[in-house]
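**Q** What would the 3D arrangement of this be:
(chains A, B, C and D)
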Protein chains: 2
Amino acid sequence: MARAALSADAIVDLALRVVDEGGPAALTLSAVAGAAGVAPPSLYKHVRNLAELRALVSARIIGEIADQAGEAVLGRSADDAVRALMTAWRAYVRRCPNRYAAIVQSPEPRTAEAGARLLTIMSATLRAYGMEDSAAIHAARCLRAAVHGFAVLEAEGAFGLPEDLEESYDLLIHMVIAGLHTPPGR
Amino acid sequence: MARAALSADAIVDLALRVVDEGGPAALTLSAVAGAAGVAPPSLYKHVRNLAELRALVSARIIGEIADQAGEAVLGRSADDAVRALMTAWRAYVRRCPNRYAAIVQSPEPRTAEAGARLLTIMSATLRAYGMEDSAAIHAARCLRAAVHGFAVLEAEGAFGLPEDLEESYDLLIHMVIAGLHTPPGR
DNA sequence: GGACGTGGCTAATGGCATTAGCTTACCGGC
DNA sequence: GCCGGTAAGCTAATGCCATTAGCCACGTCC
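**A** A predicted model of the protein is given here:
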């Protein structure tokens, strides 16, 4: 009866399904164990605890976003790349709002690594604007803040009004690009 | 023994203290009851349940932000007002990161009302740019997304690098303002 | 064929939210 | 100054969840 049906990866797969169906709050070890057809304590053979599972789930999700953002940016540069990156990011959020809402900030290595990968993609995308290191970091932070802010709000359903969200997001993209062009000479 | 020491408002006060000290995860009815010197079930005489308490706490926090943003904007307009609004918002987050992280999106009327008030302040701030209704809504959403994104990330400690956050935020302010000026003719 | 490690199990603990039902202090009218 | 009602507290009980301890079967490798 001890066939290796489970593994940390398989558990994360199931956890993602649980999140997709019930939102971030539904992510409990009990629920995942249920989905795995296993008793809750069994999961501890593969993950340290719920906090670690959340971190692993977050790492997976951030990795997915990084994959899609990275792909979107391929073969493009400057404004075109920024637009593609931002569009791909939000596309992910629309496709999997529950996953996006399940992301937690964690010092767990795999989570941090996925975050770093995403950050690298953003920085590389900004390279075309010819910024020096420190300027590129500030710009990447702003890009990240803008995209993430919109994404969180949309994933949480915080935009109540009926106005078209596509249009709002187009404006945000426009703002970011405009800001990247006009020199920071403030 | 039944002196009216408690009330929903007083409970929210205590809950804020709990959040300040232990972060959003520390906000439990047990903890608040402990702070009030009362048994946990007693709280149910004043709030419906934990979800409602969270919503009320969120309403209070959003209200505080709205107060400060509103005050910051007084007597200013256009770029100056946007700068002041954004600066005040982040100042709040720096002062009370735990509170900011404790905000939950909720359909609860008081939460929604506080959010609407904040949105009104943003829209009014943007009025100086001469946008029609729908354009103002899109712009307000972008402003909100940018500020909120930066705020969440900072409150969660997601900015790892040592680069100065002030400078990053200045750039974000700059981006938003630049985006508000260059026409949306995309 | 037997020792061992891996991955599962059951049982037990403790924290938490929540409900039910009881009790008592205050507040009004008399 | 007494009397009933209500508001606000309490204790007890339930149930869910995470987590730990300790047990057992399977498969692997010598």
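
**Q** and the residue positioned nearest the centre of chain A, what does it touch?
**A** For chain A, A:Ile62 is the residue whose C-alpha lies nearest the centre (CA atoms, centre = their mean; 3.8 Å). With contact set as CB atoms under 8 Å, 6 or more residues apart in numbering or on different chains, A:Ile62 has these partners: A:Ile103, A:Thr111, A:Ala114, A:Gly115, A:Arg117, A:Leu118. Any C-beta I mention is one placed from the backbone N, CA and C, and that applies to glycine too.

**Q** Work out for me the element the closest residue to the third one other than its chain neighbours sits within.
**A** Residue nearest to A:Ala114 in three dimensions, not counting chain neighbours: A:Ile62, with 3.9 Å by CB to CB, 6 or more residues apart in numbering or on different chains. Element membership of A:Ile62, judged by DSSP states H and E, is helix A:50-73.

**Q** hmm, that helix touching DNA strand D?
**A** Yes - contact of helix A:50-73 with DNA strand D (CB under 7 Å from any atom of the strand) involves A:Leu50, A:Ala51.

**Q** Next, the buried residues of that helix.
**A** A:52-70, A:72-73 (16 or more other CB atoms under 10 Å in any protein chain shown).

**Q** so what's A:Val93 up against?
**A** Counting by CB under 8 Å, 6+ apart, A:Val93 has contacts A:Tyr100, A:Ala151, A:Glu154, A:Ala155.

**Q** Tell me the spacing between it and DNA strand D.
**A** As judged by CB to the nearest atom of the strand, to the nearest Å, A:Val93 and DNA strand D stand 25 Å apart.

**Q** And the pLDDT for that residue?
**A** pLDDT for A:Val93: 98.

**Q** A:Asp133 too?
**A** Looking at A:Asp133, the pLDDT reads 85.

**Q** Neighbours of it, how many?
**A** Applying other CB atoms under 10 Å in any protein chain shown, we find 8 residues neighbouring A:Asp133.

**Q** Look up how far DNA strand C lies from it.
**A** In terms of CB to the nearest atom of the strand, A:Asp133 sits 44 Å off from DNA strand C.

**Q** The residue nearest to the centre of chain A and chain B, how far apart?
**A** 11 Å (CB to the nearest CB, to the nearest Å).

**Q** go on, A:Ala10?
**A** 28 Å.

**Q** A:Ala36 too?
**A** 26 Å.

**Q** which one is that residue nearest to, not counting chain neighbours?
**A** A:Ala36's closest residue in space is A:Leu14 (CB to CB, 6+ apart), at 5.4 Å.

**Q** Check which helix or strand the one you found maps to.
**A** helix A:8-22.

**Q** tilt between the helix or strand following that helix and helix A:8-22?
**A** Where DSSP H and E defines the elements, the next helix or strand beyond helix A:8-22 is helix A:29-36. Interaxial angle of helix A:29-36 relative to helix A:8-22 (axes from the mean of the first three to the mean of the last three CA atoms, to 10 degrees): 100 degrees.

**Q** how about helix A:29-36: buried residues?
**A** Counting neighbours by 16+ other CB under 10 Å, one finds that the buried residues in helix A:29-36 are A:Leu29, A:Ala31, A:Val32, A:Ala33, A:Ala36.

**Q** same deal with stretch A:104-120?
**A** Result for stretch A:104-120 [16+ other CB under 10 Å]: buried residues A:Gln105, A:Ser106, A:Glu108, A:Arg110, A:Thr111, A:Ala112, A:Ala114, A:Gly115, A:Arg117, A:Leu118, A:Leu119.

**Q** Stretch A:122-140 now?
**A** Quick answer for stretch A:122-140 (16+ other CB under 10 Å): A:122-126, A:129, A:131, A:135-140.

**Q** Would you mind measuring the gap between the ends of it?
**A** Start-to-end span of stretch A:122-140 (CA to CA, to the nearest Å) is 6 Å.

**Q** Tell me the one among the buried residues of stretch A:122-140 nearest to DNA strand D.
**A** Closest approach to DNA strand D among the buried residues of stretch A:122-140 (CB to the nearest atom of the strand): A:Met122, at 32.7 Å.

**Q** Please compute how far the host helix or strand of the closest one lies from its chain's middle.
**A** Secondary structure assigned from DSSP H and E places A:Met122 in helix A:109-126. Computed by CA atoms, centre = their mean, to the nearest Å, the separation of helix A:109-126 from the middle of its chain amounts to 10 Å.

**Q** likewise stretch A:62-81?
**A** The answer for stretch A:62-81 is 13 Å, by CA atoms, centre = their mean.

**Q** before we move on, what about stretch A:162-169?
**A** Counting by CA atoms, centre = their mean, stretch A:162-169 comes out at 21 Å from the chain centroid.

**Q** That stretch: which residues count as buried?
**A** Buried residues in stretch A:162-169, counted by 16+ other CB under 10 Å: A:Glu163, A:Leu165, A:Ser168, A:Tyr169.
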